[in-house]
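[1] predicted model, plus sequence, below.
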Amino acid sequence: MQRSRMLLGAVLLMALSPLRAETLHLVADNWCPFNCPANSSDPGFLVEVAQRALALSGYQVEYQTRPWSRAIADVRQGRFDALVGAGEKDVPDFVFPDAPLAIARHTIYTLPDAGWTYAGEDDLHDIKLGVIDDYSYGELMDRYITPNRRDDTRLLILNGQNILGRFIDMLKLGRIDAFVEEEAVLHYFAERMPTPVRLRDAGVVHREPIYIAFSPALDHSRELARALDNGVRALRQSGALDRLASRYGVTPGTPEMGE
């Protein structure tokens, strides 16, 4: 009898316990404040939005960092569920939610005493520009980066880790004249350097909605994109989305930007 009661109690406990949430695996390079080092108390605006929004549909989120080109390849092949911080030109074959999560301002930076200013692609012929491999730079990618990709007198294309720090070092050494970085990312990095970093904003080359984009190789990607949209809508209505954006110093996306 006692064994039967113990068995019944175990069955009832299992029935009353919630089912364990499915774990989703997200990946990106380190691009603070949008996505920061994994296992950090501040993992980044996009990561926190994903965690909170997808939890409303019963999902848990795990997040890893690796070089951007490798992250794209891994998500494309279905090794991870989603890519964090993607633009639509980065990965047009991926599954995107309807609404972007934030807006990126890709900006050209020079040394403070440089007199050069960006007003259009024609101005780039006078300088050597640093860019990140496989990043989306809008029309700059189509009109300038792709046609000049193999011309090392015009472009320095980097991949790997700590690219922003490497660009700043190369700028100081005169190996490049300018580089492109997202505005909030540059400010976040500069504020945390042990010695002050002084750079000059030489012009915005592209404003771009950014997303969490899901793997084209996985059957549940459209379902996950809908779950993310529904969760973000709830966060926006509660004011939690704006509070997170303010904390990280980024511009949140709106549904209209995805139309």
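    Good, I have the coordinates. Because the structure is a prediction, the values reported are computed rather than measured. Numbering: from 1, shown residues only.

[2] show me the helices in the stretch 1-150 of the chain, by range?
    In the stretch 1-150 of the chain, the helices defined using DSSP state H, counting those that start in this stretch lie at 2-16, 45-55, 68-76, 139-140.

[3] by mean pLDDT, show me the worst of the ones you listed.
    Here the helices of the stretch 1-150 of the chain differ in mean pLDDT, and the lowest is helix 2-16 at a mean of 41.

[4] my guess is R200 meets A114, correct?
    Yes: in this structure, R200 is within contact of A114 by CB atoms under 8 Å, at 6.1 Å. Placement of C-beta: from N, CA and C, glycine included.

[5] where in the stretch 151-259 of the chain is pLDDT low?
    Residues of the stretch 151-259 of the chain meeting the criterion pLDDT under 70: 256-259.

[6] now do the strands in it.
    155-158, 178-182, 200-214, 251-252 (DSSP state E, counting those that start in this stretch).

[7] just want the most central residue of this protein.
    Nearest residue to the geometric centre of the chain (CA atoms, centre = their mean): G85, 2.1 Å.

[8] if I look at that one, how far off is G58?
    To G58, G85 is 24 Å away according to CB to CB, to the nearest Å.

[9] now for the residue nearest to Y109 when sequence neighbours are not counted: which residues touch it?
    Nearest non-adjacent residue to Y109, counting by CB to CB, 6 or more residues apart in numbering: L199, 4.4 Å away. L199 sits next to Y109, T110, L111, P112, I168, L171, L186, A190 when contact means CB atoms under 8 Å, 6 or more residues apart in numbering.

[10] how about JSON lines for those, with neighbour count and distance to S246 added?
    What follows is these, written out as JSON lines (neighbours: other CB atoms under 10 Å; distance: CB to CB, whole Å):
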{"residue": "Y109", "neighbour count": "24", "distance to S246": "24"}
{"residue": "T110", "neighbour count": "21", "distance to S246": "29"}
{"residue": "L111", "neighbour count": "16", "distance to S246": "31"}
{"residue": "P112", "neighbour count": "8", "distance to S246": "29"}
{"residue": "I168", "neighbour count": "23", "distance to S246": "27"}
{"residue": "L171", "neighbour count": "20", "distance to S246": "30"}
{"residue": "L186", "neighbour count": "21", "distance to S246": "19"}
{"residue": "A190", "neighbour count": "15", "distance to S246": "19"}
